[in-house]
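Novice: I would like the atomic coordinates for the input below:
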Amino acid sequence: MAQIIIRNLDNISKAARTFISLNKLDSQNNVFAFYGEMGVGKTTFIKAICKELGVDVEVTSPTFAIVNEYNTKDDVIIYHFDLYRIENLAELLDIGFEEYINTDAIIFIEWPEIAANILPSATVNVTISVIEENRCVEF
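Specialist: Reported below is the predicted structural model:
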């Protein structure tokens, strides 16, 4: 298990670059499930990762849209999910979730608990927690 400490927002870009370098983002290792309490910084960290991957539009939380799509400077597709409002697995399947996760796109999922049984076995579980006012990212 790897660990990255984010001491403040000034070093979040460096933390995102470290995360990217430690995870081979390819079609075999492309699904990342982000766990953590409300307000711990899941979206903020995903925004930083997207920026470091070359997404040049504003990355926003997909809380109401459920999924946002972004393209990197290398034309890699990123799907950013927020499953907080999904009430059951059937609702998740109705939006075509399995089709998304079975692509070569990079998938970032916040609040992935409801999808745990259908995520690929190679899914990278990422937990963000607060330790002494720092953010700890473990994966």
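
Novice: what's near enough to touch the residue most central in space within the chain?
Specialist: What sits nearest the mean C-alpha location of the chain, by C-alpha atoms, centre = their mean, is residue 108, with 2.8 Å. Neighbour list for residue 108: 32, 34, 46, 49-50, 78-81 [criterion: C-beta atoms under 8 Å, 6 or more residues apart in numbering]. C-beta: built from backbone N, CA, C; applies to glycine.

Novice: let's see 10 Å
Specialist: 30-34, 42-43, 45-47, 49-50, 59, 62, 67-68, 70, 78-82, 126 (C-beta atoms under 10 Å, 6 or more residues apart in numbering).

Novice: cool, residue 17 as well?
Specialist: Residues counted as contacts of residue 17 (C-beta under 10 Å, 6+ apart) are 48-49, 52-53.

Novice: hmm, try it at 7 Å
Specialist: Counting by C-beta atoms under 7 Å, 6 or more residues apart in numbering, residue 17 touches residue 52.

Novice: okay, and it sits in which element?
Specialist: If you go by DSSP states H and E, residue 17 is part of helix 12-22.

Novice: next SSE downstream of that helix?
Specialist: strand 31-35.

Novice: what angle do that next one and helix 12-22 make?
Specialist: Here strand 31-35 runs at an angle of 130 degrees relative to helix 12-22 (axes from the mean of the first three to the mean of the last three C-alpha atoms, to 10 degrees).

Novice: which other helices and strands contact the helix or strand just after strand 31-35?
Specialist: Once the chain leaves strand 31-35, the next helix or strand it forms, by DSSP H and E, is helix 42-52. Using 3 or more C-beta pairs under 7 Å, 6 or more residues apart in numbering; DSSP states H and E as the contact test, the elements touching helix 42-52 are helix 12-22, strand 106-110.

Novice: the helix holding residue 17 - what's its average pLDDT?
Specialist: Mean per-residue pLDDT for helix 12-22: 95.

Novice: any idea which of the helices and strands packed on helix 42-52 is most buried?
Specialist: Greatest average neighbour count among these goes to strand 106-110 (a mean of 25), per mean count of other C-beta atoms under 10 Å.

Novice: tabulate the CA atom coordinates of stretch 12-27 in CSV.
Specialist: Taking Å, rounded to 0.1, in the frame of the first residue of the first chain, the C-alpha atoms of stretch 12-27 are listed here in CSV:
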residue,chain,number,x,y,z
ILE,A,12,-1.7,19.1,-4.1
SER,A,13,-0.2,19.3,-7.7
LYS,A,14,2.9,17.5,-6.5
ALA,A,15,0.8,14.9,-4.7
ALA,A,16,-1.3,14.4,-7.9
ARG,A,17,1.9,13.9,-10.0
THR,A,18,3.1,11.3,-7.4
PHE,A,19,-0.2,9.5,-7.5
ILE,A,20,0.0,9.4,-11.3
SER,A,21,3.6,8.1,-11.3
LEU,A,22,2.8,5.4,-8.8
ASN,A,23,-0.3,4.2,-10.8
LYS,A,24,0.1,2.9,-14.3
LEU,A,25,-3.0,4.5,-15.9
ASP,A,26,-3.8,2.2,-18.8
SER,A,27,-6.6,0.0,-20.0
